[in-house]
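> what would the 3D arrangement of this be:
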Amino acid sequence: MKNTIYSTPISSENRVHELDMIRGFALLGILVANMPFFASPAVYLMMTDVMMWSESYHVFAEFLINFFTSSKFFTMFSFLFGLGFIIFLERATEKVTSPRKLFLKRLFFLLIIGLIHAFGLWYGDILIIYAITGLFLLLFYKRKPKTVLIWAFLLIIIPAAFISFMALLVFLAGDMIPADPASTALGMQMLEQSIAVYGSGTVAEIFTQRAADYSFMFTNYLFMMPVILGMFLFGVYVAKKGLYKNIDSHLPFFRKVCVWSLVIGLPFNSLYVFSYFEQGAEVSVYMMTYFVGSVIGGPALCFFYMTSIILLTRHETWRKLFNPLRAVGRLALSNYLFQTVVSTMIFYNYGLGLFAEVGPVYWLIIAAILFGLQIWLSNLWVKKYRFGPAEWAWRTLTYGKRQPFKL
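Reported below is the predicted structural model:
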């Protein structure tokens, strides 16, 4: 009889180390990409045309953040989530009688963790939208790989094509649609309010502001759901085809993806970054090309990063360089939450209160120090424990039974 409440973890010998390295690398990228949202009212800056840091070195640092990290790493996490969905259900099928029900429990508790994270720590949470979008994965569990791949491409290409058509119409009209004065005034009010609250407000005021900011961000997340689901499905495709197993036998495929993802991703990513610096509060071509560049360039360069890691780690020198990231990737959820705790302590008033006080150059320095700390702590942790604390709690809640923690 299958055990309905317990499942043993994947042993260290059976883990796909490249996936752990990619998860670890993704955590570095997500930390850097999230820094503007930890440290400044970035969510409202585009509504107001306000430029907070005009010094050339800060502008260059902001360029680096946008060019190399923005839109590349939430898509990478999405891909890994979809791949993990198939691995989870395949293993659950061997252990429990209702694997889909177990997956729904897993999503439910991810939603709970996300709600605590979003409203208790930071408004930039991605876990809630992952839990919601993850429900659609069950529609594709029994689908053929080719069907899954077609849907993955459509979910990314159709929104990009629609916005491209709208951009063409705006371009042909030869003018921009002026920003709504009420919207701009609201954006300025929220910008000034967030600086005041996060920089010098009470814990209660920060809690209220965070809820308002998440409500605004959630609308953006809903708009990105097709892309997130599309990246989920790319992960499902790779899992169904078994491309993550016996990687050496699939190297020609990974080389082809690496080349084409760079060829496609680089121009679209350049369009994205150029549009980021050119767009304003008004509805313009730049606002739309920013979206198109993000939706195409972000996922493409995400694949370039992942396949590059796979190909580079075929060489011993590079493998040794990436190897410390394995431990970081094994504790992905815990490290993601740890980044929030430390970063909000640095920037919010209940910590150092540096919100809107330091610019992009300092964000990169802080991210480098924090991630270095995570590498060190993660490698110490995995020597003694099977899971990170958040992974252990999530797993225990999912299976309804206390999971083994120490090695």
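
> tell me where the stretch 201-350 of the chain has helices.
Along the stretch 201-350 of the chain, counting by DSSP state H, counting those that start in this stretch, helices occupy 203-241, 251-278, 285-312, 316-322, 325-330, 332-347.

> next, format the ones you listed as TSV and append mean pLDDT.
Formatted as TSV, the helices of the stretch 201-350 of the chain follow (pLDDT from 0 to 100):
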stretch	mean pLDDT
helix 203-241	92
helix 251-278	95
helix 285-312	93
helix 316-322	95
helix 325-330	96
helix 332-347	98
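
> next one: residue 148 from residue 168, what distance?
31 Å (C-beta to C-beta, to the nearest Å). All C-beta spots, glycine's among them, are computed from the backbone N, C-alpha and C.

> buried residues, stretch 244-264. List them.
Going by neighbour count (16 or more other C-beta atoms under 10 Å), the buried part of stretch 244-264 is 244, 247, 250, 254, 257, 258, 261, 262, 264.

> hmm, who's touching that stretch?
Identification of contacts with stretch 244-264 by C-beta atoms under 8 Å, 6 or more residues apart in numbering yields 16, 18-19, 83, 238, 243, 296-297, 300-304, 307-308, 310-311, 314.

> now do 6 Å
When contacts are defined by C-beta atoms under 6 Å, 6 or more residues apart in numbering, stretch 244-264 is touched by residues 16, 238, 243, 300, 303, 304, 307, 308, 310.

> can you count the residues close to the fourth one?
The reference is to residue 300. Residue 300 is flanked by 25 other residues according to other C-beta atoms under 10 Å.

> contact partners for the nearest residue to it once chain neighbours are set aside?
Nearest non-adjacent residue to residue 300, counting by C-beta to C-beta, 6 or more residues apart in numbering: residue 265, 3.0 Å away. Residues counted as contacts of residue 265 (C-beta under 6 Å, 6+ apart) are 297, 300, 301, 304.

> list phi and psi for residue 406.
Phi and psi for residue 406, reported as degrees, to the nearest 10, are phi -80, psi 150.

> make 43 the first number, not 1, from now on.
Will do, 43 is the new start, and the previous item becomes residue 448.

> what pLDDT does the model give it?
The per-residue pLDDT reported for residue 448 equals 89.

> distance-wise, check it relative to residue 424.
According to C-beta to C-beta, residue 448 and residue 424 sit 12 Å apart.

> now swap in residue 385 and tell me
Taking C-beta to C-beta, one finds residue 385 at 23 Å from residue 424.

> next: residue 150.
Counting by C-beta to C-beta - residue 150 and residue 424 are separated by 27 Å.

> which of the two has more residues huddled nearby?
Using other C-beta under 10 Å, the more surrounded residue of residue 150 and residue 424 is residue 424, with 19 against 13.
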